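>>> Make a model of this:
(chains A and B)
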Amino acid sequence: MELYQGSLNVKEIFGRWLDEESKSNYGAYIPFIGTVRAEESIEALSFDIYEPILQHWFNGWVEKAKSKGAKVKMAHAIGDVPIHTSSYISAVFSPKRRVALELIDEFVEDFKANAPIWKYDIIDSKRVYAEDRSKPMSGSGILAKREDI
Amino acid sequence: MVKIEFLGPISREPLEIEANSLEDIAKALQEINEISGWLDKCAVAINDNMTNDLSTKLKSGDRVSILPPVCGG
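Modelled structure (predicted):
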């Protein structure tokens, strides 16, 4: 897992990952690139990350992938990421394509649901929590009063 | 004392309170106006391990993290 201040250097990271696994005998390498889109008046997105829990979450996926003979990798940006640049990339390597295709789907979806990362829109240079696109993590709400749940 | 940290957009300094269980933390946070509105959508970690058991016991020095809704990528 790799974290960077600002936009990701996608070509460098994917190229390096390819080199790292060049002799690992994986038949499939499936990359995913998340790019910040221009929407409404957004100038950039910005991210907060809580690294200790993100690392636990990622380690769980490393083990899950390993049990299928596969490997997962990811990189994410911290702080501001301008439109048309990348904030998140991930990849799955596996001996055969089917495992990698299924894993990249599950891995990216679980990332969206349970990685401790908070997104903000940068509008007029102000940082606004992207509340409408954010989702409560698994197990949320246990501290609320019963009637609030 | 148990330390409570508020992550991401809940911009608030950490709190330190006496608590023997997560239930004590819940009661204390429900009394704080700026925080109570977040609780129904927040997840909880103790010493960086996610938990969903309100009866979990706490000891002095434990660290409880409050995690609001996420959106990575």
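>>> got the contact list for the residue lying closest to A:Asn25 once chain neighbours are set aside?
Across the structure, with Cβ to Cβ, 6 or more residues apart in numbering or on different chains as the measure, the residue nearest A:Asn25 apart from its sequence neighbours is A:Pro95 (7.1 Å). C-betas here are computed from N, CA, C, even on glycine. Shown here is A:Pro95, whose contacts under the criterion Cβ atoms under 8 Å, 6 or more residues apart in numbering or on different chains are A:25-28, A:69-70.
>>> Generate a ChimeraX selection restricted to the buried subset of the residues you listed.
Per 16 or more other Cβ atoms under 10 Å in any protein chain shown, the buried members of these correspond to this ChimeraX selection:
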select /A:26,28,70
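>>> Show me the residue sitting in the middle of chain A in space.
Compute the mean C-alpha point of chain A, and by Cα atoms, centre = their mean the closest residue is A:Tyr88, 5.0 Å away.
>>> Just list whatever residues bridge to that residue.
Here A:Tyr88 sits in beta bridges with A:Gly34, A:His76, going by DSSP bridges.
>>> That one against B:Gly72, yeah?
Yes - if you go by Cβ atoms under 8 Å, A:Tyr88 and B:Gly72 touch, sitting 6.4 Å apart.
>>> where do the contact lists of the two overlap?
Residues touching both A:Tyr88 and B:Gly72 (Cβ under 8 Å, 6+ apart) are A:76, A:111.
>>> what about the helices in chain A?
The residue ranges that make up the helices of chain A, judged by DSSP state H, are A:10-20, A:51-66, A:97-114.
>>> out of those helices, nearest to A:Tyr129?
If you check each of the helices of chain A against A:Tyr129 by Cβ to Cβ, helix A:97-114 wins as the nearest, at 16.4 Å.
>>> Residues of chain B that sit close to chain A?
If contact is defined as Cβ under 8 Å from any Cβ of the partner chain, the residues of chain B in contact with chain A are B:7-9, B:22, B:25-26, B:29-30, B:36, B:39-45, B:48-54, B:65-73.
>>> swap the cut-off to 7 Å and go again
B:7-9, B:25-26, B:29-30, B:39-45, B:48, B:50, B:52, B:54, B:67-73 (Cβ under 7 Å from any Cβ of the partner chain).
>>> Among these, name the buried ones.
B:7-9, B:25-26, B:29, B:39-45, B:50, B:67-73.
>>> quick revisit: could the helices of chain A be laid out in a markdown table, adding distance to A:Glu43?
Formatted as a markdown table, the entries for the helices of chain A read as follows, by distance: least, Cβ to Cβ, whole Å:
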| stretch | distance to A:Glu43 |
| --- | --- |
| helix A:10-20 | 20 |
| helix A:51-66 | 25 |
| helix A:97-114 | 23 |
